[in-house]
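# Mind looking at a prediction? Sequence and model below.
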Amino acid sequence: MFERIATVDVVLVGAGIMSATLGMLLKELQPDISISIFERLDMAAAESSDAWNNAGTGHSAFCELNYTPQRPDGTIDTKKAVKIAESFEVSKEFWAYMIEQQLIDVPESFIRKVPHMSFVHDNDVDFLRKRYEALTACHLFKGMQYSDDFNVLKQWMPLMMEGRNPNQRVAATRMDLGTDVNFGTLTRCMFNCLKKMGDVQLFFNHEVRTLKQDKKKRWRLQVKDMDTGKVRTVAARFVFLGAGGGSLPLLLKSRIPEGKGFGGFPVSGQWLRCVNEQIIAEHNAKVYGQAPVGSPPMSVPHLDTRFIKDKRELLFGPYAGFTTKFLKQGSWLDMIKSLRFKNIFPMMAAGWNNIPLTKYLIQQVRQSPEDRIEALKEFVPTAKLEDWKLEVAGQRVQVIKKDEKEGGILEFGTEVVSAADGSLAALLGASPGASTAVSIMMTVLDRCFKEEMQTPEWQQKMKQIIPSYGGSLGSDAKLCAEVRAYTSRVLKL
């Protein structure tokens, strides 16, 4: 059963952190813009943005070693780390703006100050010292501490040093400016605000089935109401596909030339959740280590203090696994349905070029509870099986794209794919994702709302929303200090 066509300016597919951020930015820049949001589940932020499905790390490159690769000559490449650190500062600016303007009624606990640490041992100690020296040359990492003194590390991370061989060579860096963020809470608060605004409609239990551009360059989407079975057609000038793992299938259905050749490699995850309150109380940090050779970045091991529903938690992981689902609540046929003539070769080439990753995932799937505890003991030497419970984490879909040299490559990160006419944009990929949502959505605005973004009105408003807009937090130490002082005050950090 079909209903008449509804026409809106913007359609946002997926009720996660990305759609919420873009929706809030657009309504601030153009209050009369009409927006329809479609989410296939019965609530916002139930997939990648949910607290249990997301690491909750305010990714600032303070502790994530994979953001600072070592060059062949032994020096450290900090380019990606600086970009991510800048992006998280921009996110904090936007959150502070929304709070000051009383746009969102968000609890103070949505973001908390939790130290970020990197921890290594044996042969990685020299790398960590080089990394520390390279990063602290930039003002974004001012305040970072380094130590390879066993007694100092015992003060920083008592749980991790208890029972450890005092003769083992270990080192860590510490950044007290680190944060834990509940992106699920933040996302739902933004959607609560959007629902109250004029010309915004939020539909849960609605799945976008098809989308096609008409002769007037508008997108026509067929959307099914999962409760009633009714199908409606919605026409929009602009469509954003921010549905996590669900974005790739819809991008392929759009048939835009820019989306051809893209594929997806799904990776699932699991956490070990501590169930011993005494142990939870002994640790207060997000501690990241080195990823095993051949593993995806989302599998970088970390021991995390988390705050979920105002309760302190302690998680270790994630343990990676292979699945054919693109979403946690998706279909086992997702990967097969994403195959196209244009992306089969890039996907095969990427698979051939990443055989170590395949072997790693097989090993992870075959792990026993005892194997997982042994991995945990690298961080917590005194860990016991009875103190930890296995929890399923979120799904991530790594991007596979065409490459002239390799045929196909596996991309670890986030990528915006947009139509040449600016009528559609899709977000693909994973980490650092939610932490850099504001910068990513600003990229969408620059590509898809070019004319509007160049107007004095939008430029002036962007400067109000993001005080550092037009500047560079990575090269301007004074601007960075001012921005951090502002966001720390408003966000109570």
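Perfect, I can see it now. Remember, it's a predicted structure, so these values are computed and weren't measured experimentally.
# alpha carbons only for contacts and neighbour counts from here, please
Noted.
# Give me the pLDDT for the residue nearest the centre of the chain.
The centre of the chain sits closest to Gly433, judged by CA atoms, centre = their mean, with a distance of 2.2 Å. The per-residue pLDDT reported for Gly433 equals 81.
# can you pull up the bridge partners for the closest residue in space to it that isn't next to it in sequence?
Nearest residue to Gly433, sequence neighbours excluded (CA to CA, 6 or more residues apart in numbering): Thr414, at 6.3 Å. Legend: beta-bridge partners of Thr414 under DSSP bridges are Gly429.
# Am I right that Thr414 is in contact with Gly429?
Yes - judged on CA atoms under 8 Å, Thr414 makes contact with Gly429 at a distance of 4.3 Å.
# more crowded one of these two?
Gly429 (24 against 19; other CA atoms under 10 Å).
# Would you quantify the distance from that one to Gly242?
Between Gly429 and Gly242 the computed distance is 11 Å (CA to CA, to the nearest Å).
# Could you do Pro166 as well?
For Pro166, the distance to Gly242 - CA to CA - is 48 Å.
# same check, this time on His302
According to CA to CA, His302 and Gly242 sit 27 Å apart.
# which SS class is Asp73?
coil (DSSP: H, G, I helix; E, B strand; the rest coil).
# how many other residues sit next to it?
Asp73 has 6 neighbours, counted by other CA under 10 Å.
# go on, Arg312?
When neighbours are defined as other CA under 10 Å, Arg312 has 13 of them.
# Nearest residue to it in space, ignoring adjacent ones along the chain?
With sequence-adjacent residues excluded and distances taken as CA to CA, 6+ apart, Arg312 is closest to Arg306, at 5.8 Å.
# Would you mark the buried spots in the strand or helix carrying the one you found?
Using DSSP states H and E, the element containing Arg306 is strand 302-308. Residues 302-308 are the ones in strand 302-308 that count as buried (16 or more other CA atoms under 10 Å).
# circling back: which residues touch the residue nearest to Arg312?
56, 180, 312-315 (CA atoms under 8 Å, 6 or more residues apart in numbering).
# Look up how far Gly244 lies from it.
Counting by CA to CA, the gap from Arg306 to Gly244 is 23 Å.
# so which of the buried residues of strand 302-308 comes closest to Ala420?
His302 (39.7 Å; CA to CA).
# you'd agree the closest one is up against Ala291?
No - when contacts are counted by CA under 8 Å, His302 is not listed as touching Ala291 (9.4 Å).
# Is Thr436 in contact with Lys92, as I believe?
No - with contact defined as CA under 8 Å, Thr436 does not reach Lys92; the gap is 9.5 Å.
# Verify the stated contact: Leu41 with His206.
Yes - with contacts counted by CA under 8 Å, Leu41 reaches His206, the gap being 7.4 Å.
# Do a quick rundown of the strands in the stretch 101-250 of the chain.
Secondary structure of the stretch 101-250 of the chain, counting by DSSP state E, counting those that start in this stretch: strands at 111-113, 116-121, 145-147, 170-175, 179-181, 200-203, 206-213, 219-225, 231-241.
# swap in the stretch 351-493 of the chain?
Along the stretch 351-493 of the chain, counting by DSSP E, counting those that start in this stretch, strands occupy 388-403, 407-411, 414-418, 424-429.
# rank the ones you listed by mean pLDDT and give me the bottom one.
Lowest mean pLDDT within the strands of the stretch 351-493 of the chain: strand 407-411, a mean of 52.
# quick check: longest helix of this structure.
Of all the elements of type helix in the chain, the one with the most residues (DSSP state H) is helix 79-100.
# Any regions of the stretch 151-300 of the chain where pLDDT drops low?
Along the stretch 151-300 of the chain, segments meeting pLDDT under 70 span 261-268, 292-299.
# hmm, back to that, ok, which of the strands of the stretch 101-250 of the chain comes nearest Glu86?
With CA to CA as the criterion, Glu86 lies closest to strand 179-181 of the strands of the stretch 101-250 of the chain, at 14.6 Å.
# Quick check: which helices or strands does the closest one pack against?
strand 111-113, strand 302-308 (3 or more CA pairs under 8 Å, 6 or more residues apart in numbering; DSSP states H and E).
# Could I get those strands in JSON lines, plus columns for distance to Gln201 and mean pLDDT?
Formatted as JSON lines, these follow (distance: least, CA to CA, whole Å; pLDDT from 0 to 100):
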{"stretch": "strand 111-113", "distance to Gln201": "28", "mean pLDDT": "95"}
{"stretch": "strand 302-308", "distance to Gln201": "28", "mean pLDDT": "93"}
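# okay, the ones you listed in a markdown table with distance to Gly422 next?
Shown next, in a markdown table, are those (distance: least, CA to CA, whole Å):
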| stretch | distance to Gly422 |
| --- | --- |
| strand 111-113 | 34 |
| strand 302-308 | 38 |
